[in-house]
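> sequence and computational prediction follow.
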Amino acid sequence: GVIEGWWKFSDHKRRPHYPLMPASQWEEVLKENGFHDPVSIVPVPAEEALFPQSVIMAMKGDDQPLSDLRENKRHWLILGDGGSMGEVIRKHTMENDDALIRVAAGEKWDETDGQITLNVHDPEHFKLLLDRVPEVTHIIHLWGLSARTHEQMDGDELARLMGLTCGSLLHLVQALAASTPPGLEGLRIITAGGQPVDPHVPVHPAMAPLWGMADVIQKEHPEFNCRIIDMDPVYREKDRPCLSHLLTDPGAPSRAAIRSGRILTPRLEKRRVPLQALQQPNPAGTVLITGGMGGTGLFLARHLVQK
């Protein structure tokens, strides 16, 4: 139906004899008023309907025209080289015809074709990075993979790596918090040997701190959809499907390790400890409870006093 007063239209040049307009004419009106790509959906052909109706859709503002949009288009920002692991991720983006920009660590800001160099110690460079690539959908942090093996590291090397790994991640998160790209789907942090999957293999000291930072990011900034993935230090081709799944699948876990073609996630496990293995405090001594002002600490203090 039409509302009361429908006969009072005054744009007689557009509608000289009748107030209702066909869909094609509405499309022209929308174009004249700043809309683009109008589309009419006609559920029943006009010649078959007693009262023809249409649904008309159009876009307005700075949106990209429909003709220029491509379904499932991703824009990847790869921070760090990552060696063989980085090459796997780059192949993944090429297979899906996604856009890729590499970010390398250097002394000063520089832009070349397909690559940006920045100073990881300068927070302003990370803000500038996000300004340069506002369409980014996935950010992959690979600088943790720059670490040498445990045997090759000393204190000075570990301190340098903390600036490259944790320092760069901190500046990146601060920049994201200040200006989150509207299309950001996820932040991914990649480590290798940073989790005690095998009790006989030591955890890499430069990788483990990134897991602590990832835990904080996931709690304080859930909007970043942060995931951290620990790879086997020796990459195997059968790990590739697992990595692809963890990088892009919306239902993938936020904390996972990949070993021998399998995805492993942390789980609590019930364990029985023999009573004789528990050390009993000396009744004549003094017990120091650190951090004992919470519920558990106060409960333990009362228990010890009673005993």
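Ah, there it is.
> okay, and the beta partners of the residue nearest the centre of the chain?
With distances taken as CA atoms, centre = their mean, residue 186 lies nearest the centre of the chain, 1.4 Å away. For residue 186, the beta-bridge partners are residue 138 (DSSP bridges).
> quick one: average pLDDT of the strand or helix carrying residue 301?
According to DSSP states H and E, residue 301 maps onto helix 295-306. The average pLDDT for helix 295-306 rounds to 84.
> same deal with stretch 144-156?
72.
> what separates the first and last residues of it, distance-wise?
Chord length of stretch 144-156, first to last residue, is 16 Å (CA to CA, to the nearest Å).
> other residues contacting stretch 241-252?
With CB atoms under 8 Å, 6 or more residues apart in numbering as the test, stretch 241-252 has contacts from 74, 88-89, 92, 138, 140, 186, 188, 227, 229, 231, 253, 256, 258, 261-263. In short, each C-beta sits where N, CA and C put it, glycine included.
> and those, which are buried?
Buried residues within the contacts of stretch 241-252, counting neighbours by 16 or more other CB atoms under 10 Å: 74, 88-89, 92, 138, 140, 186, 188, 227, 229, 231, 256, 258, 263.
> in helices only, show me these.
Within those, residues falling in helices by DSSP state H are 88-89, 92.
> what is the nearest of those residues to residue 133?
Using CB to CB, residue 89 is the member of those that lies nearest residue 133, at 16.5 Å.
> on that earlier part again, which of the buried ones among the contacts of stretch 241-252 sits closest to residue 125?
Using CB to CB, the shortest approach to residue 125 within the buried ones among the contacts of stretch 241-252 belongs to residue 140, at 17.5 Å.
> hang on, isn't the closest one packed against residue 74?
No - Residue 140 lies out of contact with residue 74 (CB atoms under 8 Å); the separation is 11.2 Å.
> buried residues of stretch 134-154, list them for me.
Within stretch 134-154, the residues scored as buried using 16+ other CB under 10 Å are 136-147, 153.
> check what pLDDT residue 121 gets.
Listed pLDDT for residue 121 reads 94.
> please apply the same query to the one 4 residues further on.
Confidence at residue 125, expressed as pLDDT, is 96.
> wait, is it part of a helix?
Yes - looking at residue 125 with DSSP: H, G, I helix; E, B strand; the rest coil, it is inside a helix.
> give me the buried positions along the lowest-mean-pLDDT helix or strand in the chain.
Least confident helix or strand of the chain, by mean pLDDT, DSSP states H and E, is helix 83-95 with a mean of 75. Across helix 83-95, burial judged by 16+ other CB under 10 Å covers 85-86, 88-90, 92-93.
> please apply the same query to stretch 119-135.
119-120, 123, 125-127, 129-130, 133.
> contacts for that stretch?
So stretch 119-135 is in contact with 75, 77, 99, 101, 103, 105-109, 111, 116, 118, 136, 143, 163-164, 167-168, 171-172, 174-176, 178-179, 181-183, going by CB under 8 Å, 6+ apart.
> filter the residues you listed to the buried ones?
Here, 16+ other CB under 10 Å leaves 75, 77, 101, 103, 105, 116, 118, 136, 143, 164, 167-168, 171-172, 175-176, 181 buried among those.
> so where do the helices sit in this protein?
23-32, 83-95, 123-132, 155-162, 168-178, 208-220, 240-248, 295-306.
> tabulate these (TSV), appending distance to residue 54.
Converted to TSV, the helices of the chain look like this (distance: least, CB to CB, whole Å):
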stretch	distance to residue 54
helix 23-32	4
helix 83-95	41
helix 123-132	42
helix 155-162	62
helix 168-178	43
helix 208-220	47
helix 240-248	38
helix 295-306	65
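> which of those sits closest to residue 52?
helix 23-32 (8.4 Å).
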